[in-house]
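Participant: With the input below, show me the fold.
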Amino acid sequence: MLLLLVQAFNGLQFGVMLFLMAAGLTLVFGIMNVVNLAHGSLYMVGAYVCAETYVATHSFLLAIPAGLLAALATGVIIEIGIFRALYTRDHLDQVLATFGLTLMFNDLVRIIWGSDAIYATVPKFLAGQVVIIPGAPYPAYRLAIIVVGLAVAALLYLIIARTRYGMIIRAGASNRVMAGALGANIVVLYTVVFALGALLAGLAGLMAGPIFTVASGMGDSILILAFVVIVIGGIGSIRGAFIAALAVGFIDTMGRAYLRPLFGLFLPSTAADNAGPAVASMLIYIVMAAVLFFRPQGLFPPRMR
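Facilitator: Residues are numbered from 1 along each chain as shown. Below you'll find the model as predicted:
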């Protein structure tokens, strides 16, 4: 029971990190109608700059804004310099251009920091454990990620649902042509939304650094999971991205933890060792396929207003 509780917290922690990636991606896709395969590169930039700043200054509180500002600046630069030329192009052109950006960023990282991975360390003030309930200690850093992720999700909800600019963003997600006709500055809207997505991706990256390896191409795998999240939740829906990210986090974590022992109950040990990890890695894609079959628009598509 205690192990199940710890795995549930691991699923929640993974889910909120996926949400930070998926939220910006679903807004960019929903409002701009742009397939951005370079979104994972912004995650990588945040992780690298934060890790290097922490090594140089020994201050995680300085490393956090450094990583965020690097991801934000990179996002604004590529939106102005590259993405504005892609808004009127078809999705194939966008995929090719942003895939090229991903390759470019991966090579730039190798040129600047080398091909060896960086092992970021957990800051000392978060290096201990927190006792959730007696007998179930949990790493303080992972718990901090959960708290920060949920706080950011709540703040993002308030901005999107309760502010005037959030209303414009929602209008742009539902019908950007009509929003522009009613006076919204679509050029500024695109830049702000892209910058917000870059900031969230950078935050996810710098928080992931001490848990995963900081390496060139680290954003590619989580980008695939972020696309799974927005497909399940509904393209353009922040609420859908949040719920789907938590669901994917739980399904992936529980599958990797418990499918192998489950298969061991009725399969030979060797077969269970092979089938458990294989099915666990496919589980979220099976869920995505089921959602697409029964509800192609996603579980929580944005309302048309």
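
Participant: Would you point out the helix or strand in this structure whose mean pLDDT is lowest?
Facilitator: Each helix and strand of the chain was given a mean pLDDT (mean pLDDT, DSSP states H and E); the minimum falls on helix 164-181 at a mean of 74.

Participant: what about A198, how many neighbours?
Facilitator: With neighbours defined by other C-beta atoms under 10 Å, the count for A198 comes to 31. All C-beta spots, glycine's among them, are computed from the backbone N, C-alpha and C.

Participant: picking up where we left off before, for the least confident helix or strand of the chain, name the packing helices and strands.
Facilitator: Contact here means 3 or more C-beta pairs under 8 Å, 6 or more residues apart in numbering; DSSP states H and E; on that basis helix 164-181 packs against helix 140-162, helix 186-208.

Participant: what angle do the first one and helix 186-208 make?
Facilitator: Counting by axes from the mean of the first three to the mean of the last three C-alpha atoms, to 10 degrees, helix 140-162 lies at 160 degrees to helix 186-208.

Participant: Okay, angle between helix 140-162 and helix 164-181 too, please.
Facilitator: Between the axes of helix 140-162 and helix 164-181, defined by the same axes, to 10 degrees, the angle is 50 degrees.

Participant: Name the residues of helix 140-162 that are buried.
Facilitator: Judged by neighbour count using 16 or more other C-beta atoms under 10 Å, the buried positions of helix 140-162 are 140-146, 148-150, 152-153, 156, 160.

Participant: try the last one
Facilitator: Across helix 186-208, burial judged by 16+ other C-beta under 10 Å covers 186, 189-208.

Participant: and it, what other elements does it pack with?
Facilitator: Using 3+ C-beta pairs under 8 Å, 6+ apart, the elements in contact with helix 186-208 are helix 2-27, helix 39-57, helix 60-81, helix 140-162, helix 164-181, helix 218-233.
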